[in-house]
Structure formats: C-alpha cells, structure tokens
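Chemist: generate coordinates for the sequence data below:
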Amino acid sequence: MEREEMQLQLSGIILEEQTELTLADLSRTCSVHAEYIIELVDEGVLAPLGREPILWRFTGGHLRRVTVALRLQRDLGINLAGVALVLQLLDDIDVLRTRLSAIDAE
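Modeler: Numbering: from 1, shown residues only. Okay, here's the model as predicted:
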C-alpha cells in the first residue's frame, strides 16, 4: 500500500478553559452517563460552577479530569475515592513543579 493510503484522518474539537459545557455536554463528550459526572462532583473530583446539576457549567479542565478519572478506573481499577486522591496528588505535584520552576528561574 502506498503511504498515503495508510494515513488515518483524525478530527477533534479544541476546548479552552473558557469553554463552558453543561452536564449533558460533558457526559456526551466523555461517553458516560450524567450520573457518573454527578458521582465525580459528589466525590470532589469536579467542582462545577452552579448550584444544581441543571445549572452546572464545566470547563476544558474538567473534561481533562474526567478523562483521567476514566482511565484510572478502567486501567487500574481504582474506585472513585481513590481517583479523587490520585487527582489531588497530581494537582499537588503540578503546584510543586511550578514552585520549583520559579525557584530555579531566580
């Protein structure tokens, strides 16, 4: 086969932090039921804007967190409480790396 025939064509949508997603948008984008997103909110994994599910708004950052949560559960079999802990530790690592970079830049 020619090289051109073997190339796959990928498409996607770039979501920025300013992008607002509803509960339905987020669940559809991640191919999960809305109940799963609600469980992530209840567990503290996600903190949407809005008081109740119908008013919740999520960002591209939330989308990334859901995809990581799904991978942790699928690949490692971690429950939601464990997912919340892992994501918190990853957030802490990012903060520490940022601080270290700032110290190195001085």
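
Chemist: how near is V68 to I103?
Modeler: 27 Å (Cβ to Cβ, to the nearest Å). (Glycine included, C-beta is placed from N, CA and C.)

Chemist: please say which of these two ends up with more neighbours.
Modeler: Counted by other Cβ atoms under 10 Å, V68 and I103 do not tie: V68 has more neighbours, with 15 against 8.

Chemist: relative to L23, how far out is L49?
Modeler: The value you get for L49 to L23, if Cβ to Cβ is used, is 12 Å.

Chemist: that should have said G50, apologies.
Modeler: Relative to L23, and taking Cβ to Cβ, G50 is found at 9 Å.

Chemist: next, show the common contact partners of those two.
Modeler: Residues touching both G50 and L23 (Cβ atoms under 8 Å, 6 or more residues apart in numbering): W56.

Chemist: looking at these two, which one has more neighbours?
Modeler: Remark: of G50 and L23, L23 carries more neighbours, 20 against 12, as counted by other Cβ under 10 Å.

Chemist: hang on, that one packs against L55?
Modeler: No. Using Cβ atoms under 8 Å, L23 makes no contact with L55, being 9.0 Å away.

Chemist: any idea how far the closest residue to L90 other than its chain neighbours is from D91?
Modeler: Nearest residue to L90 in three dimensions, chain neighbours excluded: V68, at 7.7 Å (Cβ to Cβ, 6 or more residues apart in numbering). According to Cβ to Cβ, V68 and D91 sit 11 Å apart.

Chemist: repeat for G82
Modeler: On the measure of Cβ to Cβ, G82 and D91 end up 15 Å apart.
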